[in-house]
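Enquirer: A structural model of the following input is requested.
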Amino acid sequence: MSLPSEIQDELEHAKFLAHKIVALGGTPTTQPAEVVLSEDNRELIQLALQAEKETIERYTQRIKQADAAGEVGLRVDLEQIVAEETKHKEDLERILFRWRE
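Expert: Alright, predicted model coming up:
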């Protein structure tokens, strides 16, 4: 997992979602969610893992909303994002599995 490339992925996801919200007639929020920090490296990875799980759940809910709205293309795009987020989650799980205190 390359942190700069993961950051770029997340920025692209945010940009995609903002554009889609505008296209559907909404106004995207610019207020980011609170980020919990830690001085402990293992805890930091655990927090990142939890954030990935929560992100996947939110995208899964957006997929259901896209289905309800008949937005097939949006569903496909969201599924791709879920696939990328799942890879990030699995990378973090591997790091924690191999962690040595």
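Enquirer: where does the chain have low pLDDT?
Expert: Across the chain, the ranges flagged by pLDDT under 70 are 1-4, 101.
Enquirer: nearest residue to the middle of it?
Expert: The centroid of the chain falls nearest to T55 when counting by C-alpha atoms, centre = their mean (4.3 Å).
Enquirer: quick one: contacts for it?
Expert: E85 (C-beta atoms under 8 Å, 6 or more residues apart in numbering). Glycine gets a C-beta too; all of them are placed from N, C-alpha and C.
Enquirer: rerun at 10 Å
Expert: E10, H13, A33, I81, V82, E85, T86, H88, K89 (C-beta atoms under 10 Å, 6 or more residues apart in numbering).
Enquirer: do the same with L96
Expert: R42, I45, Q46, A48, L49.
Enquirer: buried subset of the residues you listed?
Expert: For these, a neighbour count by 16 or more other C-beta atoms under 10 Å gives the buried set as I45, Q46, A48, L49.
Enquirer: contacts only, for the second one.
Expert: Which is Q46. Per C-beta under 10 Å, 6+ apart, neighbours of Q46: S38, D40, L92, I95, L96, W99.
Enquirer: sorry, back to before: could I get the buried ones among the contacts of L96 as JSON lines with distance to H19?
Expert: JSON lines is the format used below for the buried ones among the contacts of L96 (distance: C-beta to C-beta, whole Å):
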{"residue": "I45", "distance to H19": "31"}
{"residue": "Q46", "distance to H19": "32"}
{"residue": "A48", "distance to H19": "26"}
{"residue": "L49", "distance to H19": "28"}
